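A.B. asks: Structure for the following, please:
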Amino acid sequence: MKASFLLLLSLLLTGYATAQDSSTQNTDTQTADSNPTDPQSENEHFVKFRSQVDTVSPYFKVSKGSTSKNPWSHLDFYNQAENFQFAIVTDRTGGERPGIFSVGIEKLNLMKPEFVMSVGDLIEGYTDDVDQLNREWDEFTGFIDQLETPFFYVPGNHDITNEVMEEIWEERFGRTYYHFIYNDVLFLALNSEEAIQGSGGGGIEDEQYEYIKKVLDMHPDVRWTMVFTHQPMWVYEDPRRWWDVEALLADRNHTVFAGHYHNYVKRERNNANYYTLATTGGGSRMRGPLFGEFDHIVWVTMTDNGPVVANLLLDGILDDDIRTEELADMVNMVSSEVAMTIQPIFDHTVTQQKYTAKIQNYSNSPMKADLQVMDGTGAETVQTIPLDLDPNSVVMQDFSVNHTDPIQVKASYEYAFDGYPDLETDQTVTLKPQFFHTLAETDRRVKVDGDLSEWAQLRYSSAFALDMETESPVESDNGFRFDVSMKGRKLVVAVEVTDDEYYVPGGNPLNQDGIGIIIDANPLDKSSQNNLDQEKVFEDWFPLLITPSDDEVNELAYQSMIGKYMSGALKRTPTGYTAEFEMPLKAIMRRMTEGDGTFRLNVLMNDFDRNGESHVTLGWKPSWDQPTSALGSGTFAFDPEDAIEDNTIEE
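C.D. replies: Take a look at the predicted model:
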């Protein structure tokens, strides 16, 4: 039976055959599909699977007892032909955590679903390097080769982001959207990436809409319709023809599954359940079900009353109401905002430091806050401050220290949600008096080519190293020096890296040697808070990364996503490599409030050794998502008027 199902899967993905039911024979008839793009062709563009059980058979036999009493509850066995089970895997990539997806495959082989659906983001992608893309697809299909049941592909933005990636998809898998029927249930696998606009640009174009309409018109009486797409287009303002698709679905029994956000939410909309799934190995903070952040396989059982959905965590089972839209809204209201903000002091000469903590309850529920002012190591509590906040209220709390050493403020919050478990969150910030860094003077003709001869000196250097396996500080012989300059309307960063071993196997740029910068262009009161809004990347803040993949590299990682106005160049050297980054100053200046000529910067280096077995991150400052990162550290100041006086460099 396994070989038969794999054959049918092959026919489905290549789009040239149809399997039809026969009520009198135990075989399937297959004919060539005369038009693989038109569901109204003579041989319809889908594969219709026969049930393994044609009728309900008397599998159960038992001898009669001496009385009417029996030691069982009932004999309504759940092995009807129309009851079947399939699984769904969700995002593997977008910050892949290696090893998780392969564990999911092992679990699926234990559970034995009849088949497995996907919702995209199967490879890291975001490149037009054909060799790299083929390596990534070979790796993924290697996982699927281990799966003992059929697997159905759906493209995500990491799978199709440019024309090269689309061509490779079509070479390997044929069409990017399709449908099939299984036990009188219609399965629609859609392509939300048609416009090739990447994350947030999902939608349905006219041709795909017409295909969907024809398929639905041809099958008005199926008992259910299952829709699979990567991006949850119902959360976007302009998903093109998606609203028309919803209108087609509104009057029929249907369920929709999507991925993309790595954040589980069940929504009731359009007379149906719409699920945004979490991850099967994709990037996640893994804060648990209340935050919708967990690794899972979705297990769907089809019944006469519709699908029953269960979430199989790799270490547990949860029902589909684990995070409803109502609960998601409450948690998102809390987690999307920073409850405590403290403005750092930019004067490292004053010993008496007075701070004001602003605590804000953004929720419609009561909140308890507990603040602990601690020494810089976080080991000794100096002051404890308990607070009670009404819904949607603010408390200003002053505290002082009489030294310039670092301190930590640890805050824990508890929200009393009505009808749900209390939500507990925490936050830690490090405070230390700061000062503004200045920009370097360089040759006005500096060229971004990886050659640092125009730079008189590099004033800043890496200050710490963190073993990523143990997440503990380590000593490292490698490191970097860097400096920052402004030339006309460009901001330029130069970095000299010392690295005794190159590790650049290809694939995810974050999983190999490389140097990166992060620039936060928000006004000072916001940039100082270590809070990078993921929705505002390349708008409010800019991560730029380059890897020493060759002797000379003249393109940033993810260059196609970043855009042509930001650039980078790298050259290998006998002791490592040198790199330069360039970005338009207007990207920073347009975010400035009046009189605020500041931006915040950090430099981070990935260092892999022993063929990738050892991974150390080196940085100028701790990464801003680490509690040891002092608020406001790495802030540069300049005169905005000076930036626009020199017009010698074009934007």
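A.B. asks: Just say helix, strand or coil for the spatially most central residue of the chain.
C.D. replies: Note on the chain: the residue nearest the mean C-alpha position is G94, at 4.6 Å, using Cα atoms, centre = their mean. Classification of G94 using DSSP: H, G, I helix; E, B strand; the rest coil returns coil.
A.B. asks: How about it, nearest residue that isn't a chain neighbour?
C.D. replies: G282 (4.8 Å; Cβ to Cβ, 6 or more residues apart in numbering). The C-beta positions use only the backbone N, C-alpha and C, and glycine is treated the same way.
A.B. asks: Quick check: the gap between the residue nearest to the centre of the chain and H158.
C.D. replies: Separation of G94 from H158 (Cβ to Cβ, to the nearest Å) stands at 6 Å.
A.B. asks: Could you name every residue contacting both of the two?
C.D. replies: Common neighbours of G94 and H158, counting by Cβ atoms under 8 Å, 6 or more residues apart in numbering, are 121, 124.
A.B. asks: Point out where the protein drops to low pLDDT.
C.D. replies: Along the chain, the model assigns pLDDT under 70 to residues 1-67, 69-70, 73-81, 317, 376-378, 443-444, 591-595, 641-651.
A.B. asks: 50 instead?
C.D. replies: Residue ranges of the chain with pLDDT under 50: 1-37, 40-58, 645-651.
A.B. asks: Now do the contacts for the residue nearest to the centre of the chain.
C.D. replies: Per Cβ under 8 Å, 6+ apart, neighbours of G94: 121, 124, 158, 262, 282-283.
A.B. asks: nearest residue to R223 other than its sequence neighbours?
C.D. replies: Among residues not flanking R223 along the chain, D184 sits closest, at 5.0 Å (Cβ to Cβ, 6+ apart).
A.B. asks: right, and the one you found touches N83 too?
C.D. replies: No - the pair D184 / N83 is not scored as a contact, 11.7 Å apart, by Cβ atoms under 8 Å.
A.B. asks: Relative to L439, how far out is E210?
C.D. replies: Counting by Cβ to Cβ, the gap from E210 to L439 is 56 Å.
A.B. asks: who's more crowded, the two?
C.D. replies: Ranked by neighbour count (other Cβ atoms under 10 Å), E210 and L439 place L439 first, with 18 against 13.
A.B. asks: What's opposite the residue lying closest to the more buried one once chain neighbours are set aside in the beta bridge?
C.D. replies: Once flanking residues are discounted, L439 sits nearest to M486: 5.1 Å by Cβ to Cβ, 6+ apart. Using DSSP bridges, the bridge partners assigned to M486 are L491.
A.B. asks: which non-adjacent residue is nearest G506?
C.D. replies: Q132 (5.2 Å).
A.B. asks: Can you point out the helix or strand that includes the one you found?
C.D. replies: helix 130-145 (DSSP states H and E).
A.B. asks: Show me what counts as buried in that helix.
C.D. replies: Buried positions in helix 130-145, judged by neighbour count with 16 or more other Cβ atoms under 10 Å: 132-133, 136-137, 140, 143.
A.B. asks: Helices along this protein, start to end?
C.D. replies: Along the chain, counting by DSSP state H, helices occupy 2-14, 100-111, 130-145, 163-173, 206-218, 242-249, 325-335, 524-527, 559-562, 586-589, 640-645.
A.B. asks: Strands of the stretch 151-300 of the chain, residue ranges please.
C.D. replies: Residue ranges of the strands in the stretch 151-300 of the chain, as given by DSSP state E, counting those that start in this stretch, are 151-152, 178-182, 185-189, 224-228, 254-258, 265-269, 272-276, 296-303.
A.B. asks: With distance to D477 and mean neighbour count as extra columns, can I get those strands in CSV?
C.D. replies: CSV is the format used below for the strands of the stretch 151-300 of the chain (distance: least, Cβ to Cβ, whole Å; neighbours: other Cβ atoms under 10 Å):
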stretch, distance to D477, mean neighbour count
strand 151-152, 46, 20
strand 178-182, 54, 22
strand 185-189, 51, 23
strand 224-228, 50, 22
strand 254-258, 47, 24
strand 265-269, 47, 17
strand 272-276, 46, 21
strand 296-303, 42, 20
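A.B. asks: burial of N109, as a residue count?
C.D. replies: 13.
A.B. asks: Then K490?
C.D. replies: K490: 21 neighbours (other Cβ under 10 Å).
A.B. asks: looking at it, F636 is touching T438, isn't it?
C.D. replies: Yes - contact criterion Cβ under 8 Å: F636 and T438 qualify, at 7.1 Å.
A.B. asks: Could you check which of the two has the larger neighbour count?
C.D. replies: Legend: neighbour count by other Cβ under 10 Å for F636 and T438, higher for F636 (18 against 11).
A.B. asks: show me the residues around the nearest residue to the more buried one once chain neighbours are set aside that make contact.
C.D. replies: Counting by Cβ to Cβ, 6+ apart, H437 is the residue found nearest to F636 once chain neighbours are left out, at 4.7 Å. H437 makes contacts with 460, 484, 634-637, as judged by Cβ under 8 Å, 6+ apart.
A.B. asks: Go ahead and build a ChimeraX selection from the buried members of those.
C.D. replies: In ChimeraX, this line selects whichever of those come out buried by 16+ other Cβ under 10 Å:
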select :460,484,634,635,636
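A.B. asks: Looking at the contacts of H437, spot the one nearest M566.
C.D. replies: Nearest to M566 among these: V484, at 14.8 Å, using Cβ to Cβ.
A.B. asks: What is the neighbour count of the closest residue to that closest one other than its chain neighbours?
C.D. replies: Nearest non-adjacent residue to V484, counting by Cβ to Cβ, 6+ apart: V493, 5.2 Å away. For V493, the count of nearby residues is 22 (other Cβ under 10 Å).
A.B. asks: ok, now D304?
C.D. replies: Neighbours of D304 (other Cβ under 10 Å): 9.
A.B. asks: you'd agree it is up against N183?
C.D. replies: No - look at D304 against N183 with Cβ under 8 Å: they stay out of range, at 11.4 Å.
A.B. asks: Touching both of the two, which residues are there?
C.D. replies: E82.
A.B. asks: Please tell me how far H615 sits from M468.
C.D. replies: Using Cβ to Cβ, H615 is found at 4 Å from M468.
A.B. asks: what does E114 give?
C.D. replies: Taken as Cβ to Cβ, the span from E114 to M468 is 40 Å.
A.B. asks: Look at the two and report which has more neighbours.
C.D. replies: Remark: of E114 and M468, E114 carries more neighbours, 17 against 14, as counted by other Cβ under 10 Å.
A.B. asks: So which residues of the stretch 301-450 of the chain form strands?
C.D. replies: Using DSSP E, counting those that start in this stretch, strands in the stretch 301-450 of the chain cover 306-313, 316-319, 340-342, 353-360, 367-375, 381-389, 394-401, 407-415, 423-431.
A.B. asks: With mean neighbour count and distance to Y502 added, can I get these in TSV?
C.D. replies: Below are those laid out as TSV (neighbours: other Cβ atoms under 10 Å; distance: least, Cβ to Cβ, whole Å):
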stretch	mean neighbour count	distance to Y502
strand 306-313	18	39
strand 316-319	11	42
strand 340-342	20	42
strand 353-360	17	45
strand 367-375	19	41
strand 381-389	14	46
strand 394-401	14	45
strand 407-415	21	38
strand 423-431	18	34
